[in-house]
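> Provided below are the primary sequence and the corresponding predicted coordinates.
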There are 2 protein chains.
Amino acid sequence: MKQKDLISPGRRQLLKGGAAMAVSVAGLGAMSAQAAECSGDKPPHFDEIVDVLVIGSGFAGMSAALQAKEAGASVMVIDKMPVFGGNSTINGGAMAVAGSKLQAKEGIKDSVDTMVADMLKAGRGMNDVEMLKLVCNGTAESCQWLEAYGVEWKPFVQHFGGHSLPRVLQTVQSSGAGIIRPLIKAAKQHGIEMRNQTKLESFVKDPAGRVIGVQVRDGYYFPQERTGKMRLIGARKGVIMATGGFSRDLEYRQMQQPELNGDLDSTNHPGATSEALKQMMLIGANPIHLDQIQLGPWASPDEKGFGTASQFNTIATYPSGIVVDVRTGERFFNELADRKARADAIMTRRDDQGNPVYPVGFTNAKGAAQAQTLEWGLKYKVIQKADTLEELAALYQIPAKALKAQVARWNDAVKAGEDKEFGRPMQKAMALEEGPWYGVRMWPKVHYCMGGVKVNTQSQVLHLVSNEPIDGLYAAGEATGGIHGASRLGACAVAEGVVTGRNAGRICAASAAIELKQA
Amino acid sequence: MKQKDLISPGRRQLLKGGAAMAVSVAGLGAMSAQAAECSGDKPPHFDEIVDVLVIGSGFAGMSAALQAKEAGASVMVIDKMPVFGGNSTINGGAMAVAGSKLQAKEGIKDSVDTMVADMLKAGRGMNDVEMLKLVCNGTAESCQWLEAYGVEWKPFVQHFGGHSLPRVLQTVQSSGAGIIRPLIKAAKQHGIEMRNQTKLESFVKDPAGRVIGVQVRDGYYFPQERTGKMRLIGARKGVIMATGGFSRDLEYRQMQQPELNGDLDSTNHPGATSEALKQMMLIGANPIHLDQIQLGPWASPDEKGFGTASQFNTIATYPSGIVVDVRTGERFFNELADRKARADAIMTRRDDQGNPVYPVGFTNAKGAAQAQTLEWGLKYKVIQKADTLEELAALYQIPAKALKAQVARWNDAVKAGEDKEFGRPMQKAMALEEGPWYGVRMWPKVHYCMGGVKVNTQSQVLHLVSNEPIDGLYAAGEATGGIHGASRLGACAVAEGVVTGRNAGRICAASAAIELKQA
């Protein structure tokens, strides 16, 4: 019990005296569970007990669960939503990997240090470097671990914005579901208990301050707060929080960033809210970078949520096209900059009244060849097709002459191998020679929370006051804060989720089990 | 008890049952005090009891205390340090006031809306607008309130960076001591208990969750953590947290901003640490913008702390001079931009190895006429004098020809009334016609925490989960978060401290008193 160090000699006397022994750090939400603690000599009786309890079933949660199971622990995964997978199933399924076999095949020389440097640059130096190294160092091996569970990658490496070179693998499905589904299937095969509509209500701690389980609402119907039956689930080895971010929690995100109001859409599923984060904070978890909230710069105002454009722009427009201001027909930023730089640049495009003037990104048929959402985007008119640049200009009311001049300048830059205007990396740059053209209007959407609870490289949640682990409590993935600093690079959420989830699962499963009583 | 709304019907039953009734939200640091609570039927006996307990004795704390006393409450102020006043006594004593008599006298048309707009712009839109309005709206009247306690202002208005017009008053002492000393004197005259070396250890709450007092270390010797005797102080009406920021808490500030490491000096007194903030967070206070930490762009690497340069640059170099890169002799930013913009600009000046290349700010005798720290700065060689520009160039190894050309360009801009290069506001700009010249090397220092706990316009600390007030707990000044967003404008800390301190004092004193038991 490292937290004991905080207790003064005088207090320690009191603790030894007995009465205070029963008191523990309690969250508002833990009234009933805490009642048992407070009585001192009656530890709670749990309705169910496992070794490792994982909360959340996205990349981090499923990776933690399988890794803990591999290590021999009994494991339960709970998720408050009716479907498993959280945001991870609607994510693009792209994973940044430093030193993949595909990179080697394409002759791309990458290293963990290079990936760390890229992420540190995007993070504006605010990153937790030790955690960052842990993530980058684990990508290549985790990529193989995923393959062993049946994950399949497209046979080429992509170059995402902010990365200094191509290092992004993507599932053949172009979706995180290509990772989540095999992991869930494996979890069920291996006897991991999977419980949906089961919501964390509060933590249960023992008199020494160790997290020994949680109170949940069993049969919870999101978002009806008071649904479900209260139950206590005990965790002999620990609780792993893989509870994601709060991009869809409008009230809470606006407290930190008032301008991220309801006018801005989000790419996230409705369950991306803040209550699990808050429960951790109530028992002393140290919140880091809560106001660092990422906008996805590849989204379109012409559809809801992640949609078809996010994928299309990521795989086509950004690496193989350009983005212009419709008023001038000219580029105005490095299309392969990190997400923050791109989103900030796009959001400067406003009229005199401050209303958005949506920029247009476009590429041609060659640039769009690998974009699986092209067809759907066209169907819903989010992506529009034009045979000539004149037609494209007319579609979006761009000055045609200026647009053609811009394309010519871009093609010259590609030939020269250098983007003198905006410094875009040109390794995979493509000249825009001929139509048909595909265009998309663009405006950022709230996408990811860089902030979360502080953890150490053992994935233990650290206490605000002592900076020592809160015993029995682990966290992984988007629920943690500090790895990405001010801006997460694309494809690094899958990397983070899988690597830190596995790390938490492995370490939690290897920890000593405590004895708990069943009801 | 608004927080009750959070408790489910099921839990409410438990609460009614009695046993759970005794449990309250407890911080790690509250073990002994909480022990009494946990036993349920034995409320703590306090060593001393007052109506209003104020923690911290800077601008916010002293303003809260006096305002509460004016309202008829019994008041105690505690401060952990041996001397009262915290950072406020070493601050520059400058207060931004919208609509002061001095502005009227100088024909400057200002308004609360204009001040709000300036602060919102500097804050990058991250500000809590309601709190911002409260502060700006209170400045003119608070300025008179301070005068009534004996505060004296210089007879002219200054133009600080980021403000769109001159609105800054400054004490005749050029120091916050010019405010703090009269307030402390008045506090003692009016029977406010002033206790130094008395450190907040933890909060005491009643079974309903209301803050009813604090546990302190009486006779505490900063920074020896376990010194002092534990005592319980009760507060019938409430506890007002005026505990400032954490700029000198190297470990904690680096968790949020790793680059603000020990290489960077701070202008703050050593007591500017994080433990009071953490105690609030442990009982559910909602932390806002903790990673928004301000660097003072007017500091010099040639002295420790706030020193003589901060004052000199603020009153002389920045409004009446220019700042140049020593390698080029050229200006590189708007010297009247907000602090973040200036500090960020200065910190880009580095050599190939990333080491600082300190820029030099300078003005002439006319520009330095009102700078009271000039003499001391010269004495300690922080400020250096040169009779000619050639001499100034030689002193700092600036290319002389380039420097002279820059001064000529600057003088042209002043004549034209427009700074086309960097958009500096020119209302009080001064041509640099003749020597002697006074130069200072510049490098930012950690200065102010924009982040802190979320409060409402009643200065009540809001709970993370319910967003309702934590009963009995108020906060004011730098301890709160959100008012300034991403960057506080100069002279707005005094404004915030005095206005929100008075607000908290008035409202706390007017609240209903609860009965407490004395030991």
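Cool, the structure landed. Just so it is clear, the structure is predicted and the values come from calculations on it, not from any experiment.
> And the strands in the stretch 51-200 of chain A, which stretches?
A:75-78, A:94-96, A:168-170, A:193-195, A:198-205 (DSSP state E, counting those that start in this stretch).
> Can you check which of those strands gets nearest to chain B?
strand A:198-205 (8.1 Å; Cβ to the nearest Cβ). (Each C-beta comes from the backbone N, C-alpha and C, glycine too.)
> what mean pLDDT would you report for that closest one?
When pLDDT is averaged over strand A:198-205, the result is 98.
> List the neighbouring strands of it plus their orientation.
Partners of strand A:198-205 in the sheet, by DSSP bridges, are strand A:211-218 (antiparallel).
> who's in contact with the strand it pairs with?
A:29-30, A:32-33, A:44, A:46, A:49, A:53, A:55, A:78, A:80, A:195, A:197-206, A:227-235, A:238-239, A:283, A:470-473, A:514, A:516 (Cβ atoms under 8 Å, 6 or more residues apart in numbering or on different chains).
> what's the following helix or strand after that strand?
As assigned by DSSP states H and E, the chain's next helix or strand after strand A:211-218 is strand A:229-241.
> Show me just the buried residues among the contacts of strand A:211-218.
A:29-30, A:32-33, A:44, A:46, A:49, A:53, A:55, A:78, A:80, A:195, A:197-206, A:228, A:230-235, A:238-239, A:283, A:470-473, A:514, A:516 (16 or more other Cβ atoms under 10 Å in any protein chain shown).
> Spell out which residues sit in contact with the residue in the stretch 251-400 of chain A that chain B sits nearest to, please.
Going by Cβ to the nearest Cβ, chain B is nearest to residue A:259 of the stretch 251-400 of chain A, at 4.6 Å. Contacts for residue A:259 were tallied using Cβ under 8 Å, 6+ apart; they are B:125, B:126.
> same thing but 10 Å
A:347, B:124, B:125, B:126, B:127, B:485 (Cβ atoms under 10 Å, 6 or more residues apart in numbering or on different chains).
> could you flag which of those are buried?
A:347, B:126, B:127, B:485.
> Spatially, which two of the residues you listed are the most separated?
Longest distance between any two of the buried ones among the contacts of residue A:259 is 17.8 Å, between A:347 and B:127; criterion Cβ to Cβ.
> follow-up on the earlier one: so can I have JSON lines of the strands of the stretch 51-200 of chain A showing distance to residue B:365?
Shown next, in JSON lines, are the strands of the stretch 51-200 of chain A (distance: least, Cβ to Cβ, whole Å):
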{"stretch": "strand A:75-78", "distance to residue B:365": "73"}
{"stretch": "strand A:94-96", "distance to residue B:365": "58"}
{"stretch": "strand A:168-170", "distance to residue B:365": "61"}
{"stretch": "strand A:193-195", "distance to residue B:365": "77"}
{"stretch": "strand A:198-205", "distance to residue B:365": "66"}
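> Spell out which residues of the stretch 251-400 of chain A are next to chain B.
Residues of the stretch 251-400 of chain A found near chain B (Cβ under 10 Å from any Cβ of the partner chain) are A:251-252, A:255-260, A:274-275, A:277-279, A:281-292.
> And chain A, what are its domain boundaries?
Per automatic domain parsing, the domain ranges recorded for chain A read A:45-293+A:448-514, A:298-443.
> so how far is the longest one from its chain's centroid?
Spelled out, that is domain A:45-293+A:448-514. 7 Å (Cα atoms, centre = their mean, to the nearest Å).
> Same check on the shortest one?
Relative to the centre of its chain, domain A:298-443 is centred 25 Å away, using Cα atoms, centre = their mean.
> What residues does the residue nearest to residue A:234 when sequence neighbours are not counted make contact with?
Among residues not flanking residue A:234 along the chain, residue A:46 sits closest, at 3.5 Å (Cβ to Cβ, 6 or more residues apart in numbering or on different chains). Counting by Cβ under 10 Å, 6+ apart, residue A:46 touches A:33, A:204, A:212-215, A:231-236, A:516-519.
> now residue A:154
A:93-94, A:102, A:168-174, A:178, A:315, A:370, A:372 are the contacts of residue A:154 under Cβ under 10 Å, 6+ apart.
> What distance do you get for it to residue B:238?
According to Cβ to Cβ, to the nearest Å, residue A:154 and residue B:238 sit 61 Å apart.
> Next, the contact list for residue A:457, please.
A:128, A:130, A:131, A:133, A:134, A:500, A:503, A:507 are the contacts of residue A:457 under Cβ under 10 Å, 6+ apart.
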